[in-house]
Structure formats: C-alpha cells, structure tokens
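In: Predicted model and sequence below, questions to follow.
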Amino acid sequence: METKSAGPGAFARFDLNNVPSPCFVVDEVAVRRNLAMLKAVGDRSGAQVLLALKAFSMWSLADVVADYLDGVCASGLWEARLAREHYHGHLTTYSPAYKREDLPEILRLSDSVIFNAPRQIARFADVIAAARADGQVFDIGLRLNPEHSEAEVAKYDPCQLGSRLGFPVSQLRPEHLEGVDGLHVHALCEQGFEPLQRIWASLEPRLEGLLGGLKWLNLGGGHHITRADYDTDSLVALLARIAQRHGVQVYIEPGEAIALDAGILVGEILDTFDNGMAVAITDISATCHMPDVIEAPYRPAMLDEREAGVTVRIGGPSCLAGDIIGDYVFAAAPKAGTRIAFLDQAHYSMVKTNTFNGVPLPAIALWNSDSDVLKLIRQFDYTDFRDRLS
C-alpha cells in the first residue's frame, strides 16, 4: 500500500528534540480541522458521524471530538467501556462475535449493538430480552457483506472470499430482519468516494423491499473524507439521497479520517553501520510501534526525506529480522543521536503498539501548532511491560 500522507504540514517546524524518544506527537489543530470537515458532511447530509475508536482512541481528546461528532463506535466490551467513561453521544458496538458473559454489559452500555449474522441474534435472544425487561434501551443491527470488493489489499478486504465479516447479502431473507433495527455495511479501507458509490450501486438493488421496516443504515468506515482529493459534495449527496429514498437515518464511522495527517512518531538513531548498504537502528520498531508497516505492508513517509543523498535502511531495536521500516534518503549518513520522525502516525499505529521483546512503548504528546503549546500526555515504563505478563 502507498502512504496516504499529504506531507509534514505544521510538523515541518516542530522541534523533534522537545519530546522524549520514541514519542507520538498529535497536533490538536489538525485533529480539529479534520473533525470540522466531518461535521460539515454530517450537517449537510443529515448523516450521523461517529468516531471509530479502533483507529483513534486518544481519549484525552474525547471532549474535542464531542464538539464536532455525534458519538463513537466500539469493537467490543473494552472499547465500549472506554466510550462511556470518556466520550459522549451515540455509541454503536460491533464485533464479529460476542461472549455470552460480555453481552449484558455491552447491551447496557450501547445505543446500538450490531451482530455479524442472524444466527447470533437468535442465539442471544434470551440475553437481549432480559436486558430489555430490565429497562435497557438499545437497537439491534445486522452487519451485511455486500459481496463487492473494492479494497486494494486482500487481507484488508471485508468482502474477500471466505470473509468472516458480515452476513452475505446473497443469503439475506426477510425473516433474517425480524427484530433488526438497522443494517451495517463496511467494505472500504482508506478509500475515496468512488468505491463507496460502486458498492452502494451494487448493493441497493439487492436490498429492494427490505429496508422499509428499518430505522437506520450504517455505511461503516474506511472513508478518507479529510483527504484533499475526497469528493465530499458527492458523498453528501449520496448520504442524503439514501436517507430520503429509504426513510432511514444514515450513519458513517470514519476512523483514520479524524486523525489523518495529524500526528508523527518521533524516534532517535541509536547506531549505524554498513552491510552492503548503510544501516541505521532506531528506537522506533515497525514490529512494536508501526505493525502495519509489516502487515500491509507499506512504507511510511519520513519527515524531511531528501530526493538525493545517502540511502539508509532504517530498522527497529527488536530481534525480529523483519523489523525494518524502510530505506530512506538522507543528505548525509545520520549519526547516533539524530532525531527522525515518520508522518501520519496518529491513526492505527498508536492503538496497535505492543511490547514484544520488551521494547518500550512510545510516549504520547499533544501539540497545538497554532499556539506551540506542547503537553506530554503519557509516558510508559517497565511496569507497563511487566504487568501485561505473569
């Protein structure tokens, strides 16, 4: 996959030495800019816009998110708890499957609970009935697989053959919608408007006659709405048209779009040597801090990379041979102590960090690029590593 970074933006003037290393730095101004764009889409279309916590759950910005969006969506019990503890507004929870012991609390916390298949709804009918008898109010949703692939990479394609995500629309029957308040469709990954348009054009005829009794339609995430080339006018028109034609409340769940180009990951060169090419070891680990570099795979953009100069292979400090971030061009070979930063790391990277090999977690800092106020939100230590183990 190609990086979607639009460039350094305000981070071009950020002093990398002002934070510990490694450290995620999030620009509140950039987050607010993205949120304002998403709010405008919601206001113009009538759609409800939810933050996907799976992509960006920096809860120190929860009140900021509440200024713009209608709520959040969670992927299970722990994210649902986080949502109710720190965020505001509507909460939708979806998971491919639920544990029976978790479901009562999920139903209590959530405004909408989306199931992966009609069989799940039937299996948990007693839990749902008990929760409602206890006075809890929530909607039940069903995730559909539109069976229309648009994702660039198969492993990120919810519609791939054998997908575990969503009930195949070709199997959908009216009886499957008994007790269902809404449908959830998510088939995008870092994409523009045109793939969504094609998915809906494929799906809408197959839902003919089935949407009349529903209250809402959730078009999921993967919408790169805050990217400069996104066709927001067409998105607004489509969302409004769906709502008007089918009489449903439309939801979208952007995640990356909230934090697109809003954060960097700062690191430090620890050592350099030559092994057929220049090699540098940094305290940033692809394995531990940017796993999508390996999983996607993709090459993240580096701040101030040169067009010509010395090519250096940058890798992390773990023992994994594949802990390689990529090959980058410097004006001159970097020395130990040189600070570097990778762009567009606020979404997904931060939520996917781990402590494999005892590699420390990056600190988290919040920067305001207008006022230049910098706050160190969180630093991690040995106990964060130790207490995950036994």
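Out: That came through, no problem. Residues are numbered from 1 along each chain as shown.
In: residue contacts, residue 53?
Out: By C-beta atoms under 8 Å, 6 or more residues apart in numbering, the contact list for residue 53 reads 72-75, 79, 82-83, 87, 255. No exception for glycine: its C-beta is placed from N, CA and C like everyone else's.
In: can you give me the helices for the stretch 51-200 of the chain?
Out: 62-66, 77-86, 103-109, 118-123, 125-133, 193-203 (DSSP state H, counting those that start in this stretch).
In: Residue 34 touches residue 259, doesn't it?
Out: Yes. If you go by C-beta atoms under 8 Å, residue 34 and residue 259 touch, sitting 6.9 Å apart.
In: The two: which is more packed in?
Out: residue 259 (28 against 24; other C-beta atoms under 10 Å).
In: Next one: the more buried one from residue 29, what distance?
Out: Residue 259 sits 12 Å away from residue 29, going by C-beta to C-beta, to the nearest Å.
In: try residue 99
Out: Distance of residue 99 to residue 29, computed by C-beta to C-beta: 41 Å.
In: Same question for residue 239.
Out: Distance from residue 239 to residue 29, counting by C-beta to C-beta: 27 Å.
In: Between those two, which is the more surrounded one?
Out: Neighbour count, other C-beta under 10 Å: between residue 239 and residue 29, residue 239 has more, with 25 against 15.
In: Cross-check the contact I'm expecting between the more buried one and residue 43.
Out: No. Applying C-beta under 8 Å, one finds residue 239 not in contact with residue 43, separated by 11.3 Å.
In: Out of the contacts of residue 53, which end up buried?
Out: Among the contacts of residue 53, those classed as buried by 16 or more other C-beta atoms under 10 Å are 72-74, 79, 82-83, 87, 255.
In: beta partners of the closest residue to residue 89 other than its chain neighbours?
Out: In space, and not counting its chain neighbours, residue 89 is closest to residue 71: 3.2 Å by C-beta to C-beta, 6 or more residues apart in numbering. When assigned by DSSP bridges, residue 71 has beta-bridge partners residue 50, residue 90.
In: okay, residue 71: pLDDT?
Out: Per-residue confidence (pLDDT) for residue 71: 98.
In: Now do it against residue 113, distance only.
Out: Using C-beta to C-beta, residue 71 is found at 14 Å from residue 113.
In: Now the common contact residues for the two.
Out: Counting by C-beta under 8 Å, 6+ apart, the residues touching both residue 71 and residue 113 are residue 92.
In: Confidence-wise, which helix or strand of the protein is lowest on average?
Out: Ranking every helix and strand in the chain by mean pLDDT, DSSP states H and E puts helix 292-295 at the bottom, with a mean of 94.
In: in the stretch 151-300 of the chain, which spans are strands?
Out: Assigned by DSSP state E, counting those that start in this stretch, the stretch 151-300 of the chain shows strands spanning 167-168, 182-185, 216-218, 249-252, 263-274, 278-282.
In: Residue 48 is nearest to which of these?
Out: strand 249-252 (4.7 Å; C-beta to C-beta).
In: which residues touch that closest one?
Out: Contacts for strand 249-252 (C-beta under 8 Å, 6+ apart): 41, 45-50, 92, 215-221, 223, 239, 242-243.
In: again, only this time at 7 Å
Out: Contact with strand 249-252 is made by 47-50, 215-219, 223, 239, 242-243, as judged by C-beta atoms under 7 Å, 6 or more residues apart in numbering.
In: Filter these down to the buried ones.
Out: Burial by neighbour count, judged by 16+ other C-beta under 10 Å, picks out 47-50, 216-219, 223, 239, 242-243 from the contacts of strand 249-252.
In: No further questions, thank you.
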